[in-house]
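In: have a look at this prediction, sequence included:
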Amino acid sequence: MIILGEKYAFTKLELEKLRKKFGQVNFLSPENSDAKALRSALENLIKSGNQRLIVLNTQKPVDNKLVRFLTLLQFKTKYKNIKFLNVESFLEIYLQKCYIPENGENLNFLNDIKPYNAFEYALKRVIDYASCSLLLVILFVLKFYVKKKIDEQSPGSLYFLQNRVGLGNREFECIKFRSMVVDAEKDGAKFASKNDERVFEFGKFMRKTRIDEVPQCLNVLRGQMHLIGPRPERRYWINFFEKNIPYYNERHIVRPGITGWAQVNYPYGANTHDAKQKLMYDLYYIKHWSLWLEIKIITKTIAIIFEKRGI
């Protein structure tokens with residue numbers, strides 16, 4: 001495949017995934033090449049191997065001669081199988097995430113990302129009630145053991161209550177088993193990281209196995225959350241991210257979830273770049289919601305729990 005332009009910067013993990021699927025991944029930059037040299041490089045790449053996909057990843061206007069060259073490729077018999085995809089479509093088809101335009105370069109998300117319809121919402125609530133009935137049983141069994149371990153390693157409260165932002169940008173009280181030491185944020189809010197020093201030993205185990213999230217089944221039954229959806233964030237981080245990431249608040253057109261598409265596809269976030277990557281997955285989930293995607297997330301979450309990789 002050939003990626004034409006630098007509008008979206010692919011991550012190392014994404015490039016590894018694409019190389020497994022397409023073999024070669026070649027980059028050409030219209031912004032840093034003259035039109036003639038670029039056309040020559042394109043033609044050489046196409047002639048040299050099985051380059052049948054060209055991803056249009058350009059940000060600036062492209063030279064008209066290049067447009068003509070790409071157009072005429074479609075009429076040459078030996079190149080008739082060449083496929084063109086803009087980067088927005090490519091990300092959704094092959095990486096299951098939505099491209100987020102920089103600085104509001106277009107307003108399509110206001111139309112493309114919509115809340116669940118009545119049938120989809122009803123189906124999600126059936127999944128919520130069925131799964132959380134089981135989680136309630138697990139919660140009842142677990143809480144005595146969890147309390148014992150917390151008392152041994154970090155005496156204090158069993159549960160951690162914190163306001164999070166949910167549907168309609170409204171706050172609700174989110175409940176979890178406490179996995180950090182008491183007064184973990186006495187010096188101010190910090191990103192949670194994979195090897196966070198504020199997390200005590202059993203807390204690390206709970207995070208890896210998602211045990212700390214089980215009490216959120218109560219939030220689901222109260223109608224504040226779904227089993228699956230974007231991870232609920234604190235108002236502090238929402239205010240920070242929405243200043244730096246276009247459309248960050250679009251994730252609040254649906255209820256947050258205990259697990260989600262971003263959680264099973266991306267590791268712990270430690271900066272704005274990570275938050276943006278996760279938002280791309282969240283928006284894809286909302287835009288392309290289906291029962292199959294719901295089942296896929298549940299399956300991947302279970303696999304992550306048993307592998308103790310955390311999310």
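Out: Good, I have the coordinates.

In: against Ile138, how distant is Val146?
Out: Counting by C-beta to C-beta, to the nearest Å, the gap from Val146 to Ile138 is 11 Å. No exception for glycine: its C-beta is placed from N, CA and C like everyone else's.

In: give me the more crowded residue out of those two.
Out: Taking other C-beta atoms under 10 Å, Val146 and Ile138 do not tie; Val146 has more neighbours (22 against 13).

In: list the contacts for that one?
Out: 158, 177, 202, 206, 211 (C-beta atoms under 8 Å, 6 or more residues apart in numbering).

In: quick one: the strands in the protein?
Out: Here the chain has its strands, by DSSP state E, at 2-4, 26-28, 53-56, 83-86, 159-165, 171-177, 226-228, 257-259.

In: who touches the fifth one?
Out: By C-beta under 8 Å, 6+ apart, the residues outside strand 159-165 that reach it are 171-180, 215, 232-235, 238, 252, 256.

In: tell me which of the strands of the chain approaches Asn117 most closely.
Out: Closest to Asn117 of the strands of the chain, according to C-beta to C-beta: strand 226-228, at 14.7 Å.

In: before we move on, back to that, okay, the strands of the chain in CSV with mean pLDDT, mean neighbour count and distance to Leu134 next?
Out: Converted to CSV, the strands of the chain look like this (pLDDT from 0 to 100; neighbours: other C-beta atoms under 10 Å; distance: least, C-beta to C-beta, whole Å):
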stretch, mean pLDDT, mean neighbour count, distance to Leu134
strand 2-4, 92, 22, 44
strand 26-28, 90, 17, 47
strand 53-56, 91, 21, 43
strand 83-86, 90, 14, 41
strand 159-165, 94, 16, 20
strand 171-177, 96, 19, 17
strand 226-228, 97, 27, 10
strand 257-259, 96, 25, 12
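
In: make JSON lines out of those and add distance to Asn244.
Out: Below are the strands of the chain laid out as JSON lines (distance: least, C-beta to C-beta, whole Å):
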{"stretch": "strand 2-4", "distance to Asn244": "25"}
{"stretch": "strand 26-28", "distance to Asn244": "26"}
{"stretch": "strand 53-56", "distance to Asn244": "26"}
{"stretch": "strand 83-86", "distance to Asn244": "25"}
{"stretch": "strand 159-165", "distance to Asn244": "16"}
{"stretch": "strand 171-177", "distance to Asn244": "21"}
{"stretch": "strand 226-228", "distance to Asn244": "26"}
{"stretch": "strand 257-259", "distance to Asn244": "23"}
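
In: among the ones you listed, which is nearest Thr71?
Out: Closest to Thr71 of the strands of the chain, according to C-beta to C-beta: strand 83-86, at 9.6 Å.

In: other residues contacting that closest one?
Out: Contacts to strand 83-86, defined as C-beta under 8 Å, 6+ apart, come from residues 52-57, 70, 93.

In: mind running it again at 7 Å?
Out: Outside strand 83-86, the residues that touch it by C-beta atoms under 7 Å, 6 or more residues apart in numbering are 52-56.

In: likewise stretch 203-221?
Out: Contacts of stretch 203-221 (C-beta under 7 Å, 6+ apart): 128, 132, 135-136, 138-139, 142, 146, 159, 172, 174-177, 179-180, 199, 225-227, 258, 305, 308-311.

In: list the buried residues of that stretch.
Out: By 16 or more other C-beta atoms under 10 Å, the buried positions in stretch 203-221 come out as 203-220.

In: return the distance of that stretch from the chain's centre.
Out: 19 Å (C-alpha atoms, centre = their mean, to the nearest Å).

In: cool, and stretch 81-90?
Out: On C-alpha atoms, centre = their mean, the centre of stretch 81-90 falls 22 Å from that of its chain.
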